[in-house]
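>>> Pasting the sequence and the predicted model now:
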Amino acid sequence: MQTSNNQTGKPLEFYQSIYQNLEPQEIAQRCNLEYNSTTSAFSLRVLGTEYRAPFPEFTLLDTDGKGTADPYEKILFLRYLCEGKLLPSHGNKLSYNDIPWGQVYYQNFLGRCLKRCAFTFGRDISGFKKMIENNPQLRAETQKTGDASYRLEFTNDLYLTMILWQGDDEFPPSAQILFDDNFVFAFTAEDIAVVGDILISRLKSMMQKIKEG
């Protein structure tokens, strides 16, 4: 599998080699995903967008047959299919620090996700709310914390909660991302930082389309 750099190319090759030697029925059961034996592909959602993930050669294809261009998204979901599992949530929400090894990687998550989230959306709370409300496929549920907060589905039955506080003359905007407790069985702490990256990038793109539209 060819990629633009070794940072993403080697992991893709490594996990692709694992993926193609797994049994698709075992993956489907472990991750609670639909597997179509006719098309040889899993069905999954990423922030409301429907994808097919072919087997044994992995990629993410939308309903138009277009593949995702982000290699980090491919690695994240390939790792999930290889190693993750979907278990029911007990209703608890975890901060990144609550996740196993989260304290070790917290400073990276703080800059990479929380501060980026705050400055991307916290300066335009009304625009953020409009974007959420105009994308019902996100399955967002309004929460009561902060100046804007929503619980939404990242991928099949894995939900997270975004909380934003608008800045003022004295304080900058701030943000928190909480993960339903079943995230820890699906993704590692390092992978959950990538989840944050994907979340912000995709929602930012949705917000930009509304502004341009």
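Good, I have the coordinates. Numbering: from 1, shown residues only.
>>> What segments of the protein are strands?
Secondary structure of the chain by DSSP state E: the strands cover 34-36, 41-46, 49-54, 93-94, 141-142, 148-155, 158-165, 174-180.
>>> With mean neighbour count and mean pLDDT as new columns, can the ones you listed be given to me in a markdown table?
Where you see a C-beta, it was placed from the backbone N, CA and C, and this is true even at glycine. Below are the strands of the chain laid out as a markdown table (neighbours: other CB atoms under 10 Å; pLDDT from 0 to 100):
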| stretch | mean neighbour count | mean pLDDT |
| --- | --- | --- |
| strand 34-36 | 14 | 98 |
| strand 41-46 | 19 | 97 |
| strand 49-54 | 17 | 96 |
| strand 93-94 | 18 | 98 |
| strand 141-142 | 12 | 97 |
| strand 148-155 | 20 | 98 |
| strand 158-165 | 21 | 98 |
| strand 174-180 | 21 | 98 |
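>>> Compile the ones you listed into CSV and extend it with columns for distance to residue 197.
CSV is the format used below for these (distance: least, CB to CB, whole Å):
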stretch, distance to residue 197
strand 34-36, 26
strand 41-46, 13
strand 49-54, 16
strand 93-94, 18
strand 141-142, 23
strand 148-155, 12
strand 158-165, 13
strand 174-180, 11
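>>> name the helices or strands packed onto the lowest-mean-pLDDT helix or strand in the chain?
Within the chain, no helix or strand scores below helix 6-19, which has a mean of 82 by mean pLDDT, DSSP states H and E. Secondary-structure packing of helix 6-19 (3 or more CB pairs under 8 Å, 6 or more residues apart in numbering; DSSP states H and E): helix 71-83.
>>> Show residues contacting the helix it packs on.
With contacts defined as CB atoms under 8 Å, 6 or more residues apart in numbering, helix 71-83 is touched by 3-4, 8-9, 11-12, 15-16, 18-19, 22, 27, 31, 42, 44, 46, 53, 58-60, 68, 155, 186-187, 191, 194-195, 197-198.
>>> Going by neighbour count, which of these are buried?
By the neighbour-count criterion of 16 or more other CB atoms under 10 Å, these include these buried positions: 8, 11-12, 15-16, 19, 27, 31, 42, 44, 46, 53, 58-60, 68, 155, 186-187, 191, 194-195, 197-198.
>>> Return the set of buried residues in the lengthiest helix in the chain.
Counting residues, the longest helix in the chain under DSSP state H turns out to be helix 189-212. Residues 189, 191-204, 206-207 are the ones in helix 189-212 that count as buried (16+ other CB under 10 Å).
>>> For stretch 49-67, give me every contacting residue.
15-16, 19-20, 24, 27, 35, 39-46, 68, 73-74, 77-78, 81, 137.
>>> Domain map for the chain?
Domain assignment of the chain by automatic domain parsing yields the ranges 6-83, 93-212.
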